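Engineer: sequence and predicted structure are below.
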Amino acid sequence: MKPVIPLEFFDPLTVVEAPDLLSTIELTGGFAFGMSVRVGLTNSISLETGIGQITRRYRFSMTNDTSGYSESDQVRYVGYEVPVTGLVYIRLGERTWMNSALGFSLDMYPSDAQQDIESGRIYMFRNQWAQFSVLGNMGVEYRTETSGTIYLGATYHRPFNDMATADLTYYGPNFFPYTNRTTLDGSYLTLDLRYYFHEDPDRMRVNRKR
């Protein structure tokens with residue numbers, strides 16, 4: 001489980017200004033969840049892959065000073081991710097480990113997103129149905145003897161290309177449309193909470209012998 005953390009350092013707010021319309025769109029949070037499989041190569045190096053779903057939440061607004069119009073709402077954008085990362089471990093205590101990971105992710109976007117408001121709408125359309133991203137991760141995990149592993153960390157995820165293009169449209173007098181267009185890079189930071197199921201060492205040795 002990974003809640004998305006919007007930080008000003010990563011510039012989550014985009015402002016687009018035209019003579020007749022001022023528009024903003026801001027990443028306000030989101031939530032990701034999924035499953036992962038970890039394969040140990042050595043005592044200190046592992047590979048990890050899996051699949052997950054992420055829902056980004058954006059708040060958008062449109063303002064027209066001439067007509068005194070101002071309105072805002074929220075929209076969600078859903079994607080799926082297949083990451084592949086390499087992990088390096090450092091032992092901190094008897095059952096506590098710190099790890100750092102770096103890798104790539106295949107990001108997929110099943111559809112566009114749209115949200116209508118009283119006098120306008122936002123339409124977010126994907127630039128590509130699939131693209132690659134780079135991701136980095138750091139965290140600490142506690143390995144119990146028989147109850148699995150509990151992990152707490154953070155992940156930064158950045159696509160190589162812009163994730164989507166957003167059109168923010170205001171329908172003015174006589175329904176004449178004024179549109180601002182901007183791109184969304186899709187970068188985000190998450191706080192990660194994971195649980196890895198326990199695998200009995202004796203069963204692992206039997207499987208290897210077979």
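Structural biologist: It's in.

Engineer: could you pull out the helices for this structure?
Structural biologist: For the chain, the helices defined by DSSP state H cover 201-209.

Engineer: pLDDT weak spots in it?
Structural biologist: Counting by pLDDT under 70, the chain shows low-confidence ranges at 9-10, 200-210.

Engineer: the longest strand along it pairs with which strands?
Structural biologist: Identified as the longest strand of the chain according to DSSP state E is strand 69-91. Pairing partners of strand 69-91, with direction, according to DSSP bridges: strand 45-64 (antiparallel), strand 96-108 (antiparallel).

Engineer: any idea how far the longest one is from the chain center?
Structural biologist: Read it as strand 45-64. Centroid separation for strand 45-64 versus its chain: 3 Å, with Cα atoms, centre = their mean, to the nearest Å.

Engineer: can you pull the buried residues of that strand?
Structural biologist: 46, 48, 52, 54, 56-64 (16 or more other Cβ atoms under 10 Å). (Each C-beta comes from the backbone N, C-alpha and C, glycine too.)

Engineer: what's the spacing between residue 103 and residue 50?
Structural biologist: According to Cβ to Cβ, to the nearest Å, residue 103 and residue 50 sit 11 Å apart.

Engineer: how about the spatially closest residue to residue 147 that is not a sequence neighbour, what does it touch?
Structural biologist: With sequence-adjacent residues excluded and distances taken as Cβ to Cβ, 6 or more residues apart in numbering, residue 147 is closest to residue 198, at 5.9 Å. Neighbouring residues of residue 198 by Cβ atoms under 8 Å, 6 or more residues apart in numbering: 144, 146, 147, 148, 149.

Engineer: just to revisit the earlier point, okay, the longest strand of the chain in CSV with CA atoms only?
Structural biologist: The C-alpha trace of strand 69-91 is given here as CSV (Å, rounded to 0.1, in the frame of the first residue of the first chain):
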residue,chain,number,x,y,z
TYR,A,69,-16.5,33.1,-13.3
SER,A,70,-14.5,30.8,-11.0
GLU,A,71,-14.9,27.1,-10.4
SER,A,72,-12.9,24.1,-9.2
ASP,A,73,-13.3,20.4,-8.8
GLN,A,74,-11.3,17.1,-8.6
VAL,A,75,-10.4,14.4,-11.2
ARG,A,76,-8.8,11.0,-10.9
TYR,A,77,-6.4,9.4,-13.3
VAL,A,78,-5.8,5.6,-13.1
GLY,A,79,-2.7,3.7,-14.2
TYR,A,80,-1.0,0.3,-13.9
GLU,A,81,2.7,-0.4,-13.3
VAL,A,82,5.0,-3.4,-13.7
PRO,A,83,8.3,-2.5,-12.0
VAL,A,84,11.6,-4.4,-12.1
THR,A,85,14.2,-3.3,-9.6
GLY,A,86,17.5,-4.4,-8.1
LEU,A,87,17.8,-4.2,-4.3
VAL,A,88,20.9,-3.9,-2.1
TYR,A,89,20.7,-4.7,1.6
ILE,A,90,22.6,-3.4,4.6
ARG,A,91,22.1,-5.1,7.9
